[in-house]
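Participant: sequence first, predicted coordinates after that:
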Amino acid sequence: MQKVIFSALTGAIFGLGIAISGMANPAKVLNFFDIAGSWDPSLIFVMGGALITTGLGYLVVFGVRKKPVFDAAFHLPINKTIDARLVSGSAIFGVGWGIAGFCPGGAIPALGFGGVAVIAFVGAMIVGIVLARSIDGLRHKPAKAF
Amino acid sequence: MMETEFTPWMSLAGGVLIGISAVLLMAFNGRIAGMTGIMTGILPPVSTDWPWRIAFLAGAVIGPVLFLVAGGAIPYAVPVSLPLLAFGGLIVGVGVYYGAGCTSGHGVCGMARLSPRSIAATVTFMIATGLTVYVIRHIAGI
């Protein structure tokens, strides 16, 4: 139960951070990538702030604790291979991000204020994940939730 | 094309909050704050550990709403048509599934751990996004 309550709290901090940073605002996200046009470099500061905070914070957490407070172990990805699946998936994601201006972490926090635009995006994204996962599952065991 | 205001301080503050959230979720729950991974676990076949995932997602939706209710402002504009949003969403869903992560999971949590896999993924999607925006805005002229 503590885990669930704490999760909601960290989710709220995440959502607030995304919303005020501009990551939930497709106009701003697309302008960040439009260096040749109406460039808005703000998102460098989002990435910088998030990376420095997370990098230093993780160092402290992994340095001080052998396991998380509410769980028996840290759940870290074990897959270390850089393969065609990773790179092509990431490239496909980038194309979709460039078309819509929403990424998954930017879209979910916008659901409460972003109207039909973000609902259409998230609905289609869920279809995309479920579709890819079931096609993948026909060939081999579907990747478990990472 | 729509100009947006350069907001270094708000964006930095938002980035720091995203980082704090990622560090807290790792320290207390031992989890990566990656939206793709958290979300995939509540889609079929649903993970047995769905409750914390739903809670995180609900928190992520409610956080900004509380901020708005408290009088905060969240600039928001979507210069993309509904069909393109849906098309983009579908592509994003397929891509993050195969890429096993997105901006939050690879771009923040993975890069912060200096994971070569996450660095490769992040460099790839940043380039792909930039090229797509260039093609749409400056070649197709949409």
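Facilitator: Nice, thanks for sending it over.

Participant: can you show me the strands along chain A?
Facilitator: Using DSSP state E, chain A contains no strands.

Participant: chain B now?
Facilitator: Under DSSP E, chain B gives no strands.

Participant: and the helices in it?
Facilitator: B:8-24, B:35-40, B:50-69, B:82-99, B:111-112, B:116-134 (DSSP state H).

Participant: which stretches of chain A have low pLDDT?
Facilitator: Counting by pLDDT under 70, chain A has low-confidence residues at A:140-146.

Participant: give the contact list for the residue most central in space within it.
Facilitator: For chain A, A:Gly105 is the residue whose C-alpha lies nearest the centre (C-alpha atoms, centre = their mean; 3.9 Å). For A:Gly105, the contacting residues are A:Phe14, A:Ile18, A:Met23, B:Gly34, B:Met35, B:Cys102, B:Thr103, B:Ser104, by C-beta atoms under 8 Å, 6 or more residues apart in numbering or on different chains. For the C-beta atoms, the positions are set from N, CA and C on the backbone; glycine is no exception.

Participant: which of the residues you listed sits closest to B:Phe67?
Facilitator: Nearest to B:Phe67 among these is A:Ile18, at 10.9 Å by C-beta to C-beta.

Participant: top of the contacts of A:Gly105 by neighbour count?
Facilitator: A:Ile18 (33 neighbours; other C-beta atoms under 10 Å in any protein chain shown).

Participant: what sits closest to that one if chain neighbours are left out?
Facilitator: Of all residues not flanking A:Ile18 in the chain, A:Pro109 sits nearest, at 4.3 Å (C-beta to C-beta, 6 or more residues apart in numbering or on different chains).

Participant: next, count neighbours for the spatially closest residue to B:Ala77 that is not a sequence neighbour.
Facilitator: Distances taken as C-beta to C-beta, 6+ apart put A:Ala27 closest to B:Ala77, at 3.9 Å, once the chain neighbours are dropped. Neighbour count of A:Ala27, defined by other C-beta under 10 Å: 20.

Participant: ok, now the one 4 residues further on?
Facilitator: If you count neighbours by other C-beta under 10 Å, A:Asn31 ends up with 28.

Participant: quick one: contacts for it?
Facilitator: Residues near A:Asn31 by C-beta under 8 Å, 6+ apart: A:Gly37, A:Ser38, A:Trp39, A:Asp40, B:Met1, B:Met2, B:Glu3, B:Thr4.

Participant: so the first one sits right up against B:Arg137, yeah?
Facilitator: Yes - with contact defined as C-beta atoms under 8 Å, A:Gly37 and B:Arg137 form a contacting pair (5.6 Å).
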